[in-house]
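# The following block contains a protein sequence and its predicted model.
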Amino acid sequence: MLQELFTPSVQHALDLAGIFVFAISGALLAVRKNFDVFGMAVLAEVTALGGGLLRDLIIGAVPPAAFTDLGYFLMPLVATALVFFLHPVVERIQSGVNVFDAAGLGLFCVTGTTKAYEYGLGLTSSAVLGVATAAGGGVLRDVLANEVPSLLRWDRDLYAVPAIVGATMVALFIRFDTLNALTSSLAVVTAFAIRLLAMRFHWRAPRAWNRRSTATEEV
Amino acid sequence: MLQELFTPSVQHALDLAGIFVFAISGALLAVRKNFDVFGMAVLAEVTALGGGLLRDLIIGAVPPAAFTDLGYFLMPLVATALVFFLHPVVERIQSGVNVFDAAGLGLFCVTGTTKAYEYGLGLTSSAVLGVATAAGGGVLRDVLANEVPSLLRWDRDLYAVPAIVGATMVALFIRFDTLNALTSSLAVVTAFAIRLLAMRFHWRAPRAWNRRSTATEEV
Amino acid sequence: MLQELFTPSVQHALDLAGIFVFAISGALLAVRKNFDVFGMAVLAEVTALGGGLLRDLIIGAVPPAAFTDLGYFLMPLVATALVFFLHPVVERIQSGVNVFDAAGLGLFCVTGTTKAYEYGLGLTSSAVLGVATAAGGGVLRDVLANEVPSLLRWDRDLYAVPAIVGATMVALFIRFDTLNALTSSLAVVTAFAIRLLAMRFHWRAPRAWNRRSTATEEV
């Protein structure tokens, strides 16, 4: 049942699209960090596949999908080539890229949660892994680039919340046995929309109360 | 036999306590790094569960305990809420936190070694994984926060040594078939005490001989 | 068949040699970062075993070889002791170390690809994991040391290319059923030679076209 959320071909096309846009963000950061073309490819692959790879290792789905589906591996290389030759253009359409990235975020938090549940994890753990699938790649990208993960920074628009909402919706749909293509799509769209609104209105998450101004502040 | 080191309930309570104090240290670093509440939660979870997660992936215990025991996941969120609302208070009792962290270090190097051995690893590998269980979360915490892991820095009080001693004691107890609740507790207390003494007297580990003053010194 | 590329003893000796030289590079970086002796040991172990560990987790070979072969674990400790006591000497023969590191690179990209294929992965994935086996440890080393991975930096001599060439050759040999001790050795030597030439003539990989001078440039 769960496998049939979407027709396999549609699901696969959506996965490849999400992987592609995540890879773009990795390749762009690599350019900003002045990495060479191989650094761009590594960062593109890690950003696009890192979250799902982490999830698959944790649920015991080895070899991970990233290493069994050639398309998953090739897509980031296409993104790397695109950024390599058309970097200024891609930068110019950054906002467009962000929209696609939001779409990838919404898609992966849903598919990640679903796959984790299919592998027998509890609803909470599945939702957590859904969020990890969607946001993990970006964290690995920033760690490899030796930057503070933007996921953790307060001065970035909400990124975790949309994924948490989407993953939680899926968990609830599963809990009440109402998960299907329609409800899944609803979760994807909701996470997608929340991310877009967060970018549009620069929503931020609160920081701890009564912080003293931090000397070690590096962000 | 090994499973019965402590009664399950006692063992579980100790695990949760260790997870809690490790999570506190993660949340506190997140505040110092000026992260938002989600960054605090991520760092708390990673610090508390990262070491055991790494161990479980290596010994093939999937899904890892961190994803099968809801308490393991919720405890860091409690720690995050506590730090979020009472940060200055928690900071003030930092030394108290350090004592609990030392307790967690002692506990996890023992339970980690024991679990690795139960999964069929050799004594040396088990001890190594015991140390990784105890110290790994802190390393991941520092890596995510884009800091030089304090485990590696010479200007920090001994942290690896207590875990190494505790894990080695467990390995020897297993080797001579004398591992039981009493000897395990002895290993925990020994590691705990060594860490406390290291903090009290600022014990440091030596650095390489004849270093030239290092230009790249960033610590 | 594949298992018999080299006689087990020869293969094992080569592995230990590669692990040793990788560990040296890890321990040397630890000294430059002013880490203590435990930081040196951790960085040596991670650099030497990290790539293979990552590969084994991905192909499902648990517990990883790093935790089943005591020699794999002890070799980095020997390297650490050597650097600890003879740091200036080791630094002086840095170029010699680089030659051995190049040999390790060539060896591991071949053995990594072969092992991944033996575990049922496709040719492309196997080659990718071969490269990850050879270069992954160095990336983990730099991440733990809080440095931008030299693998990604444009101002470093080619490091990925030799591994990619070696791994690709192995994949092709497997594809055309001509993988044997001789062809494997050829792949090792080719990767080794390319790395030596890259160091000798400071070959660099290109960066993205039309970059603007990057403010965030930190390399």
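Okay, I see it. It should be emphasised that the depicted structure is a prediction, and the values quoted were computed from it without experimental measurement.
# Please report how far A:Gly120 lies from chain B.
8 Å (Cβ to the nearest Cβ, to the nearest Å). Where you see a C-beta, it was placed from the backbone N, CA and C, and this is true even at glycine.
# separation between that residue and chain C?
From A:Gly120 to chain C the distance is 17 Å (Cβ to the nearest Cβ).
# for that residue, what are its contacts?
Contact partners of A:Gly120, counting by Cβ atoms under 8 Å, 6 or more residues apart in numbering or on different chains, are A:59, B:63.
# Need phi/psi at it.
Backbone torsions for A:Gly120, taken as degrees, to the nearest 10, come to phi 90, psi 10.
# and the residue minimising distance to the centre of chain A, which of the three is it?
Centroid-nearest residue in chain A, with Cα atoms, centre = their mean: A:Ala134, separated by 3.0 Å. Recorded secondary structure, A:Ala134: helix (DSSP: H, G, I helix; E, B strand; the rest coil).
# Verify the contact between it and A:Phe108 for me.
Yes: with contact defined as Cβ atoms under 8 Å, A:Ala134 counts as touching A:Phe108 (4.1 Å).
# what's the spacing between the closest residue to chain C within chain A and C:Ala160?
Nearest residue of chain A to chain C (Cβ to the nearest Cβ) works out as A:Gly39 at 3.3 Å. According to Cβ to Cβ, to the nearest Å, A:Gly39 and C:Ala160 sit 8 Å apart.
# Now the common contact residues for those two.
With Cβ under 8 Å, 6+ apart, A:Gly39 and C:Ala160 have common neighbours C:Leu151.
# Tell me the pLDDT of A:Leu2.
Looking at A:Leu2, its pLDDT is 50.
# Name the residues of chain A found near chain C, please.
By Cβ under 8 Å from any Cβ of the partner chain, the residues of chain A that approach chain C are A:30-40, A:42-43, A:53, A:57, A:62-64, A:67-68, A:70, A:73, A:83-85, A:87-88, A:143-146.
# For chain B, what is the nearest residue in chain A?
A:Leu152 (3.3 Å).
# Now do the helices in chain A.
Taking DSSP state H as the criterion, chain A contains helices spanning A:8-32, A:37-59, A:70-92, A:94-118, A:123-144, A:160-175, A:181-200.
# now the angle from the fourth one to helix A:123-144?
Pointing back at helix A:94-118 there. 140 degrees (axes from the mean of the first three to the mean of the last three Cα atoms, to 10 degrees).
# Show me what helix A:94-118 packs onto, helices and strands only.
Contacts defined by 3 or more Cβ pairs under 8 Å, 6 or more residues apart in numbering or on different chains; DSSP states H and E place helix A:94-118 against helix A:8-32, helix A:37-59, helix A:123-144, helix A:160-175, helix A:181-200.
# same deal with the shortest one?
Helix A:160-175 is packed against helix A:94-118, helix A:123-144, helix A:181-200, helix B:37-59, with contacts defined by 3+ Cβ pairs under 8 Å, 6+ apart.
# Out of those helices, which is the most enclosed?
Comparing those by mean neighbour count (mean count of other Cβ atoms under 10 Å in any protein chain shown), helix B:37-59 ranks first with a mean of 27.
# May I have that helix exported as PDB, CA atoms only?
Extracted in PDB, the C-alpha atoms of helix B:37-59 (Å, rounded to 0.1, in the frame of the first residue of the first chain):
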ATOM      1  CA  VAL B  37      15.700  26.500  19.400                       C
ATOM      2  CA  PHE B  38      15.800  23.900  16.600                       C
ATOM      3  CA  GLY B  39      19.600  24.200  16.500                       C
ATOM      4  CA  MET B  40      19.600  23.600  20.200                       C
ATOM      5  CA  ALA B  41      17.400  20.500  19.800                       C
ATOM      6  CA  VAL B  42      19.600  19.100  17.000                       C
ATOM      7  CA  LEU B  43      22.800  19.700  19.000                       C
ATOM      8  CA  ALA B  44      21.200  18.200  22.100                       C
ATOM      9  CA  GLU B  45      20.100  15.100  20.300                       C
ATOM     10  CA  VAL B  46      23.400  14.600  18.400                       C
ATOM     11  CA  THR B  47      25.500  15.100  21.600                       C
ATOM     12  CA  ALA B  48      23.300  12.700  23.600                       C
ATOM     13  CA  LEU B  49      22.700  10.000  21.000                       C
ATOM     14  CA  GLY B  50      25.500  10.400  18.400                       C
ATOM     15  CA  GLY B  51      28.000   8.100  20.200                       C
ATOM     16  CA  GLY B  52      25.600   5.300  20.600                       C
ATOM     17  CA  LEU B  53      24.300   5.700  17.100                       C
ATOM     18  CA  LEU B  54      27.800   5.400  15.700                       C
ATOM     19  CA  ARG B  55      28.400   2.300  17.800                       C
ATOM     20  CA  ASP B  56      25.100   0.700  16.700                       C
ATOM     21  CA  LEU B  57      25.800   1.300  13.000                       C
ATOM     22  CA  ILE B  58      29.200  -0.200  13.300                       C
ATOM     23  CA  ILE B  59      28.100  -3.300  15.200                       C
END
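# This completes my enquiry, with thanks.
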